[in-house]
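**Q** Would you be able to build a 3D model of this:
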Amino acid sequence: MAVSIEDIKKLKELTGVGLTDAKVALVAADGDFDKALEEMRKKGLTKAEKKADREALEGIIDSYVHGGRIGVLVEVNCETDFVARTDGFKEFAHMIALQVASMNPTYVSEADIPAEELKRVRDEALASDTLKSKPAEMAEKIVDGQVKKHFAEKVLLNQAYIMNDSQTVEQFLKENVAKTGENLIIRRFTRIELGVND
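**A** Numbering: from 1, shown residues only. This is a model prediction of the structure:
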């Protein structure tokens, strides 16, 4: 089946692959753009996971101020200075700053949640009267769900991405890893809101 050059270019832009790979994916999907995009994303995410162990010490610090009331600084790292200077990487860092300003996360990833805080939330959930009548195994699953839900909006990587709520920030990150071909890390952020003390 013939595929249009517009679809090939669009797929290339969305996934960061070469024109030939985009064309091959579209031909394999019988011209179905959405199917080709899904397959390319899966391949890109697999490659992104393989890159996660590589050291990323270059990058930028981006800032965003919203209406003079909310200010954000984010540090986003990549592997090379070359990628750090690209418009795509700078835009990615800026979108992360917008996400932090908008959604006010507390932690970058689940690994950043202090053990004492996890224990406190878990203990509170376990102390609930509704769990006392449940079998131990079921109560444990309920507590796991409640803890996950409690931290869902507090962990940046777990949040729904503000520009596309069908994906998480972590999926958006992996998509950009696939586009740049480098490991990308959201290292840290600081968010200041006028009149609000942490």
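
**Q** hang on, isn't S109 packed against L157?
**A** Yes: at 5.0 Å, S109 counts as touching L157 under the criterion of C-beta atoms under 8 Å. Backbone N, C-alpha and C define where each C-beta goes, glycine included.

**Q** For those two, indicate the residue with more neighbours.
**A** Set S109 next to L157 and count neighbours by other C-beta atoms under 10 Å: L157 wins out with 19 against 15.

**Q** tell me the SS of that one?
**A** Secondary structure state of L157, per DSSP: H, G, I helix; E, B strand; the rest coil, is helix.

**Q** measure the residue in the chain sticking out farthest from the centre to A139 for me?
**A** Distance from the C-alpha centroid of the chain peaks at S133, with 38.1 Å (C-alpha atoms, centre = their mean). For S133, the distance to A139 equals 9 Å [C-beta to C-beta, to the nearest Å].

**Q** What pLDDT is listed against the closest residue in space to P105 that isn't next to it in sequence?
**A** Leaving aside its chain neighbours, P105 sits nearest to L156 (4.0 Å; criterion: C-beta to C-beta, 6 or more residues apart in numbering). Per-residue confidence (pLDDT) for L156: 96.

**Q** Next: K51.
**A** K51 is given a pLDDT of 57.

**Q** And for T86?
**A** On pLDDT, T86 comes in at 94.

**Q** burial count for the nearest residue to it once chain neighbours are set aside?
**A** Spatial nearest neighbour of T86, chain neighbours left out: T180 (7.4 Å); criterion: C-beta to C-beta, 6+ apart. T180 has 22 neighbours, counted by other C-beta under 10 Å.

**Q** residue contacts, T180?
**A** Contacts here follow C-beta atoms under 8 Å, 6 or more residues apart in numbering; on that basis T180 touches G16, C78, V83, T86, G88, F89.

**Q** which residues of this structure fall in strands?
**A** 58-66, 70-78, 160-161, 164-168, 185-193 (DSSP state E).
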